[in-house]
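Student: Would you be able to build a 3D model of this:
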Amino acid sequence: MINQITQNENVKNQFSNAIRELQIGKLLRRANIIKSCGISAYGIFRFLLLLVFQGKNLFRLLNSKRKDTAVSKNTYYRFLNDTSFNWTKFLLLLSAKVTSALSTLTKPKYVKVLVMDDSVFKHSRSKDVELLARVYDHVEHKYQKGFTMLTLGWSDGYSFVPVGFSLLSSVKKSNRYQEISDKADRRTNGYKARKESLLAKPEAAILLIRRALAAGIKADYVLMDTWFTTEPMLAKILEAGPDVIGMVKQLKQRYSYQGKLYTLPELRRFVRFDNSKNIFGSIVVATKTGISVKIVIVRNRNKKSECLYLLSTDCSLSDSEIVRIYGNRWSIECFFKASKSFLKLGTEFQSRTYDAMVSHTAIVFTRYIILEWIRRKENDEKTYGELFFMFCD
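Tutor: Numbers count the residues shown, from 1 in each chain. You can find the predicted model right below:
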């Protein structure tokens, strides 16, 4: 009798194959995610990785009458709360391996980019969570209880791979509901992550970019929205290596053109507008510190009477190419939506420690990376097969 493979079993098989191909166990050991006794850290991690596809969270599964595991719930929560695990290193090792493999699947002419953005990690039902803060939500335009999830991702135009993250609390002590726990050992990776959560957002963003580049993740440009595209950020990213393409707000900042300083609206009179196209034109100017940038003026689709300004530190790019490359920034918005809606980001585990939230976020990011790996393997054209049929013809 032939047993029919269910959809859940098929997902497990695909994930198991991807885990073996990517050598997740070796990467966990390199990031010090190991256990000295009992069930292995790899076994626990693999179970938590597949948990979302069972339609249950950890709390409900371990307290249900029918359990899929004989391990006690304390084993899993000790794993999530372990302060010695280096989740930042694990995610960098995994993303570096995946991005290196994906880069070989695309043509060299396609640029690789790093995308920087943030999203609110809500935790509205508690005040006892470690380092919980009052953070501003730019989507709902109000303050929320939770963390600012600063995320850095890599994209080649076809795939998006989350490279790193930082769950930021608030720099202002008055906005924090809780401080760092007194039980946290200052020698551990968990304490280092806590200290990084108190950094200002620009400092944390530069730290993520430098770590990604040091890990061997190659990118030609860093894409940012209006919040991050400031002159100090441009200077620090250019020091690290890649160029920057970002959207600029119409604020009081001025740019040097022909020996004089102008605001963005004032620069428009030097551009010959073509109202029949969505890209009106561009102009090469310099910032106050002397950084040469190219500003492309495009039509605002949501409000056609207004313009949007894209800034590029690579002045050799054409206007259409700058707009095309910046379009890859939307991939991180899709990542946030998928992680929160389908991969249970922020809602799967119940814990009050900062370590558990970091490990939970790393697990969700790993799920997305593996799903992206499976998708590319199934959808990409098989080169050897194409050559075979060509020779047959």
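
Student: Strands of the protein, start to end?
Tutor: In order along the chain, the chain carries the following strands (DSSP state E): 113-122, 133-137, 142-155, 160-168, 221-224, 243-248, 255-257, 260-262, 279-286, 292-299, 307-312.

Student: Of all the ones you listed, which one is nearest residue 80?
Tutor: Closest to residue 80 of the strands of the chain is strand 160-168 (C-beta to C-beta; 13.9 Å). All C-beta spots, glycine's among them, are computed from the backbone N, C-alpha and C.

Student: Torsion angles phi and psi at residue 314?
Tutor: Backbone geometry at residue 314, expressed as degrees, to the nearest 10, gives phi -100, psi 100.

Student: so it touches residue 243, yeah?
Tutor: Yes: checked against C-beta atoms under 8 Å, the pair residue 314 and residue 243 is within contact range at 4.2 Å.

Student: Among the two, which residue is more densely surrounded?
Tutor: residue 243 (21 against 17; other C-beta atoms under 10 Å).

Student: The more buried one reaches residue 316, doesn't it?
Tutor: No: counting by C-beta under 8 Å, residue 316 is not a contact partner of residue 243; they are 9.7 Å apart.

Student: Show me the shaky parts of the stretch 151-300 of the chain.
Tutor: 275-276 (pLDDT under 70).

Student: my bad, the stretch 1-150 of the chain
Tutor: Along the stretch 1-150 of the chain, the parts satisfying pLDDT under 70 run over 1-12, 56-71.

Student: Now do the helices for it: every range, in order, please.
Tutor: Remark: helices assigned in the stretch 1-150 of the chain by DSSP state H, counting those that start in this stretch are 7-22, 24-30, 41-50, 58-62, 73-80, 87-103.

Student: I'd like these written out as TSV, with distance to residue 133 and mean neighbour count added.
Tutor: Formatted as TSV, the entries for the helices of the stretch 1-150 of the chain read as follows, by distance: least, C-beta to C-beta, whole Å; neighbours: other C-beta atoms under 10 Å:
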stretch	distance to residue 133	mean neighbour count
helix 7-22	34	14
helix 24-30	30	17
helix 41-50	26	19
helix 58-62	24	16
helix 73-80	21	17
helix 87-103	20	21
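
Student: Identify whichever of these lies nearest to residue 274.
Tutor: helix 87-103 (36.0 Å).

Student: The closest one to strand 160-168, inter-axis angle?
Tutor: Between the direction of helix 87-103 and that of strand 160-168, the angle (axes from the mean of the first three to the mean of the last three C-alpha atoms, to 10 degrees) works out to 160 degrees.

Student: JSON lines for the helices of the stretch 1-150 of the chain, including distance to residue 141?
Tutor: Shown next, in JSON lines, are these (distance: least, C-beta to C-beta, whole Å):
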{"stretch": "helix 7-22", "distance to residue 141": "38"}
{"stretch": "helix 24-30", "distance to residue 141": "40"}
{"stretch": "helix 41-50", "distance to residue 141": "34"}
{"stretch": "helix 58-62", "distance to residue 141": "32"}
{"stretch": "helix 73-80", "distance to residue 141": "33"}
{"stretch": "helix 87-103", "distance to residue 141": "31"}
